[in-house]
Each structure stands twice: as C-alpha cells, then as structure tokens.
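**Q** The sequence and its predicted three-dimensional model are supplied below.
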Amino acid sequence: MSEKPITREEVLTFHDNGKVGVALTKPLKTQRDLCLAYTPGVAIAVKEIASKPETVFDYTAKSNLVAVISDGTAILGLGDLGAVASIPVMEGKAVLFKAFGDVDGWPVPLNNCRINGENTGKTDPKHIIDIAAALAPMYGGINLEDIAAPACFEIEDTLDAMLDIPVFHDDQWGTAVITLAGVMNYCLLCERDISTLRVVVNGAGAAGIRIADMCKAAGVKELFMCDSRGVISSDRTDLNDHKQRHACPPGPKSLSDALTGAHVFVGVSVADCVSGDDVKAMADYPAIFAMANPDPEISPDAVAAVMSNKPYIMATGRSDYPNQINNVLGFPFLFRGALDVKATTINTEMKVAASRALAELARKEVPADVKALYPSENMNFSSDYIIPKPFDKRLFVEVSYAVAEAAVQSGAAPADTDLTALKASLEERNNLR
C-alpha cells in the first residue's frame, strides 16, 4: 500500500495523453526498410496470407494482439457511464496485459450498442457480437470488459462459439479463477476435500454466476447462491436461465440461513451485508472471501473480532489486506498461454488449470525481490498468504504454461504442439522481462 493516499491530481497527471501507444517491432530508417514495410514488399505478405490464411499468425501482429472490448455499461463499480468514459479502464487493461503477460492489448470501446441504437439504455448483444466478429480478423483473442449482465453472457457464449480465437469476459471469469485458487489452498490448510465443502456465494451477477460454475467444475457439490431477494432456490419464479442453473432445493431462505454451517463465503455483492454473528455461525475454520469494492461484505477487522484466536481465512478485493483476489493474476496469463498454442477458446479445463497453478505457486518460497515489495506482510504459505502477488515473475511461466498445457490436452489447441519448447521459450522470455 502507498505511504500516502493517491490524489486526484496525481491520477489525472498519470493519465495525461493516455497510457498506451504503438511500438514498432521492425526498423523504419532506410529506403529499403520502407520498401519492405510497405510497397512493394508488403504485397508478398498479402499474397502469402491470401493463399495460406493460417500464415496470418506468422506475418502480422495477430498472434500477440488482443482486443479489449467494452460498451461501458458496467465500469468497475461505477455503473453505466458509457463507452467514452470506459477508455481509461480499457487502456489500463492493455497496460496490465503488456506489463504482466507481454500481450499487446488494444482498447476497443463501442458506441451505439444499446437496444435503442443510441448510447443509453440496456446493451443490445447483437450489436456487440456483430462488431466484435467483424473486428476479429486482426486479433488473436478478444477480452470483453465492463459489459453489464445478463447481456455479457450471451455475447461471450455466442462469440466463443462463432470465432476461432479465444473470447474471454474477465468480469465473469477473472475473479472466479482467482477465487478458486484461494478455495483450493483453503482446502489444504483446513484439511478438507473440496467435494465436502458447503459454499455460499452472495451476488448473482456475472462474477457470482461464474464463481459458482468454477467451484462446481472443481468438485464443489453443495453450493448456495444468494441475490438481493435471498437464496436462489428452485421454488422461486423470478430466475433467469443462469440463476436457474444454480438453484438449490427449497430450504434456507436468507443469506444468514445459508451461512449457518457453511465452510466458505464468497461475496461479490454489497458492503456490510454479513454480520459478525453470521461468521460465528459458520463451520470451524471458515473462509470468508468478501470481495465487494471498495468496502467488503464484512471488514477483516470485524471478522477478527468475532473469531478471536480461532483459525479462519480472510480474503478481500483490496490491496491493503492480505489475500487480495486480483484479476491481474489471471487474464494476462490465460491469454499468454492461449495465444502461444493458438488455442481457439479458453475453456473450463484451461481456467481450472490456471487456478491450480496459482494455488501451487502460493505454496512455494517467495523470491526476495517480491518480499521486498511487501515488507510488512507474511509471505509464507498460511491463512494470510493463499494467493501469489501480482509482481511475482514466476506467474508468467507457471500459469501461462499450465493454461497452454490444458489447451493442448483438452483439444482447444493443436495436439502436436511442442510443450517442452514452449516451456523453454516462456522461461527465456521471462528472463528478458
């Protein structure tokens, strides 16, 4: 955490003239360079791609370029502020792609993608699908960002099915991948099998739905999801298709009811919706993942007060407490691994592999240079350290490779991919960063 608060002026100065630009990968200093880069030489590359379309990955930037697409309907926790206002976030995403995954991301904010054809109102999924599909030839992947539910589900599912490049909505899956890594390490610390956990997810938007999907894919069998009306159960008549998939049999009605005896609470909802009494009613050695930002569902201090000396795990979305659930631990490396093996999708197997690699990395000795960045934190595998730090350079190799390997093994990438060579390449590139 910074020694002094970040000021408005400091932020605006940092954003002056934007955060991204274009860096040339080839020289342009002589007449010969010009002939190679453009006419007449470029025609040779054009004809090569026209005759062998697969070579577009060899002779253009497509192999390492991701479109960061948004209509601005769900910006951070700020809501619908529109495509133009989303640009700083899309630029920020591109910065994180490059800094952590060495992926070239480019902001693509979209206007006129609302049901009324203007720039207010609900998202029209077809508009974004049509535009993204039309843009796809230039990009090796598409990262959807800050698009409101439920439109985001249809957009991702449709584009993923129709395109031959990975499509990933980070607001759905990013938090889910990191959360699952934390749950995996919680199981080790409390000596429980993931199949025996009782998990409660509060918040049934994009993140909550996908957290539930990921937990179940990893083996969770008993999961209660809650929205603003309480537990999502099969006797309710107000559920959309995604909520219905996670509806439980009639039983507990409220969040407090569901938390009684629960092992894991996952919050992607609103501040202060969980009480100390709720935490005390959970099972022995509970895990509380309170990820509402900037104020969590229950504060770490409130949990500590009721747990006294009893063991528990606390995680938030904030950087000023241990165990921050931070999406930057996921998307740069999911795309790095997917791009390196020319994967056509980022499937469940690849996401779970990323979670597993993150969990395993948190159990390893932390390098001295990473510890130096967090001098006041305990960085030995424990209840205070279940998630790696974003500045751990090993993420680039470990998570990216796990994703690539899962892509090949699951059929999302060519079976003849040389994974040994890829691992060596990742390590070499990481040494140069």
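**A** In hand now; what should we look at?

**Q** ok, residue 227 touching residue 203?
**A** Yes. Assessed by C-beta atoms under 8 Å, residue 227 is found in contact with residue 203 at 7.3 Å. For every residue, glycine as well, the C-beta is placed using N, CA and C.

**Q** Those two: which has the busier surroundings?
**A** The neighbour count for residue 227 versus residue 203, taken as other C-beta atoms under 10 Å, is higher for residue 203 (22 against 19).

**Q** Phi and psi next, for the more buried one.
**A** phi 120, psi 110 (degrees, to the nearest 10).

**Q** What's the separation between it and residue 387?
**A** Computed as C-beta to C-beta, to the nearest Å, the residue 203 to residue 387 distance reads 19 Å.

**Q** burial count for residue 228?
**A** Around residue 228 there are 11 residues (other C-beta under 10 Å).

**Q** Look up how far residue 209 lies from it.
**A** 15 Å.

**Q** now do residue 72
**A** For residue 72 relative to residue 209 (C-beta to C-beta), the value is 21 Å.

**Q** With residue 71 instead?
**A** With distances taken as C-beta to C-beta, residue 71 is found 19 Å from residue 209.

**Q** now swap in residue 264 and tell me
**A** Counting by C-beta to C-beta, the gap from residue 264 to residue 209 is 17 Å.

**Q** cool, residue 399 as well?
**A** Residue 399 is 23 Å from residue 209, by C-beta to C-beta.

**Q** got it, and residue 125?
**A** In terms of C-beta to C-beta, residue 125 sits 16 Å off from residue 209.

**Q** got it, and residue 54?
**A** Distance from residue 54 to residue 209, by C-beta to C-beta: 35 Å.

**Q** Equivalent analysis for residue 303, please.
**A** Distance, residue 303 to residue 209, by C-beta to C-beta: 25 Å.

**Q** So for the two, which residue has more residues nearby?
**A** Between residue 303 and residue 209, residue 209 has the larger neighbour count (other C-beta under 10 Å), namely 25 against 21.

**Q** what's near enough to touch the more buried one?
**A** 149, 153, 172, 225, 242, 243, 245, 246 (C-beta atoms under 8 Å, 6 or more residues apart in numbering).

**Q** quick one: low-confidence parts of this structure?
**A** For the chain, applying pLDDT under 70 flags the ranges 1-3.

**Q** Outline the domain layout of it.
**A** 8-165, 171-433 (automatic domain parsing).

**Q** Next, the distance between the ends of the longest one.
**A** Domain 171-433 has an end-to-end distance of 27 Å (C-alpha to C-alpha, to the nearest Å).

**Q** ok now stretch 159-174, how far from the chain's centre?
**A** Distance of stretch 159-174 from the chain centroid (C-alpha atoms, centre = their mean, to the nearest Å) equals 11 Å.

**Q** what about the helices in the stretch 1-150 of the chain?
**A** Using DSSP state H, counting those that start in this stretch, the helices assigned to the stretch 1-150 of the chain run over residues 8-14, 31-37, 42-51, 56-59, 82-101, 125-135.

**Q** Surely residue 398 touches residue 361?
**A** Yes. Counting by C-beta under 8 Å, residue 398 does reach residue 361; the two are 5.3 Å apart.

**Q** helix/strand/coil for the residue most central in space within the chain?
**A** In the chain, the residue lying closest to the centroid (C-alpha atoms, centre = their mean) is residue 174, at 1.8 Å. Classification of residue 174 using DSSP: H, G, I helix; E, B strand; the rest coil returns helix.

**Q** That one and residue 377, how far apart?
**A** Counting by C-beta to C-beta, the gap from residue 174 to residue 377 is 23 Å.

**Q** Sounds good, over and out.
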